[in-house]
Structures are given as structure tokens and as C-alpha cells.
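>>> Return atomic coordinates for the entry below.
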Amino acid sequence: MQDHPKLIPGRFYHIYNRGINSCAIFREEDNYRHFLWLYGKHVAPVVETYAWALLPTLTLTGFKTLSGLLAMPRTGYRYYLSLPFAGVKL
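The predicted model follows:
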């Protein structure tokens with residue numbers, strides 16, 4: 001597994017995630033709510049969020065770190081998104 005660089009406290013970052021082959025990462029209204037819940041739980045406590053956008057195929061966030069510790073909710077959201085397809089070969 002590749003090591004990711006550590007975020008430096010006090011710096012500004014722009015992070016984006018997109019679906020593989022531009023596939024939708026938000027398929028239902030509840031998907032947006034769940035992602036925001038994960039963001040609020042894991043990211044918001046250690047950053048000052050200046051801008052964000054949740055598009056069907058893309059997430060964009062702009063923030064300033066308050067701490068070097070940051071757990072992006074990507075893994076948890078990927079698991080949540082895959083639950084309806086458990087056991088289905090795509």
C-alpha cells in the first residue's frame with residue numbers, strides 16, 4: 001500500500017474524489033447525507049472547511065488543516081456505497 005503524504009497544519013488543501021470511469025458516487029439523496037455525516041464525524045473536527053461541492057460523480061473540498069491528523073471518510077463511504085451491491089458481480 002502506498003504511503004500518503006502527511007497534511008501540514010495551517011496549510012490550505014483542495015482535495016477531490018471521483019468515481020472510477022466517471023461513474024456516479026452519489027446515486028441517491030441518502031448517499032449525500034451519509035457522506036456529509038462521515039465528513040462531519042472525521043474531517044470537520046480537524047479542518048476549517050472553506051468550500052465544498054458534492055456532484056453525482058465528484059466531491060470537491062477546500063480546507064485549512066488545524067491538525068496533522070486527518071482521516072478522510074473515503075474508505076467508510078466506499079463500503080457504504082457498495083452495500084446494496086454485496087454479492088453482485090459488476
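
>>> Only C-alpha atoms from now on, for both contacts and neighbour counts.
OK.

>>> so who does T61 touch?
T61 is in contact with 14-16, 49-53, counting by Cα atoms under 8 Å, 6 or more residues apart in numbering.

>>> is it possible to export those to CSV including neighbour count, secondary structure and pLDDT?
Converted to CSV, these look like this (neighbours: other Cα atoms under 10 Å; DSSP: H, G, I helix; E, B strand; the rest coil; pLDDT from 0 to 100):
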residue, neighbour count, secondary structure, pLDDT
H14, 12, strand, 89
I15, 12, strand, 85
Y16, 13, strand, 84
T49, 16, strand, 92
Y50, 12, strand, 93
A51, 10, strand, 92
W52, 14, strand, 90
A53, 11, strand, 93
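
>>> Need these in TSV (columns: distance to S22).
Listed next are the contacts of T61 as TSV, based on distance: Cα to Cα, whole Å:
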residue	distance to S22
H14	19
I15	16
Y16	13
T49	25
Y50	25
A51	22
W52	19
A53	16
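
>>> What segments of the chain are strands?
Secondary structure of the chain (DSSP state E): strands at 12-18, 47-55, 58-65.

>>> tell me, how many neighbours does V43 end up with?
A count of neighbours around V43, defined by other Cα atoms under 10 Å, yields 20.

>>> Tell me the confidence at it?
What the model reports for V43 is a pLDDT of 84.

>>> what's the distance between it and D30?
From V43 across to D30, the span is 19 Å (Cα to Cα, to the nearest Å).
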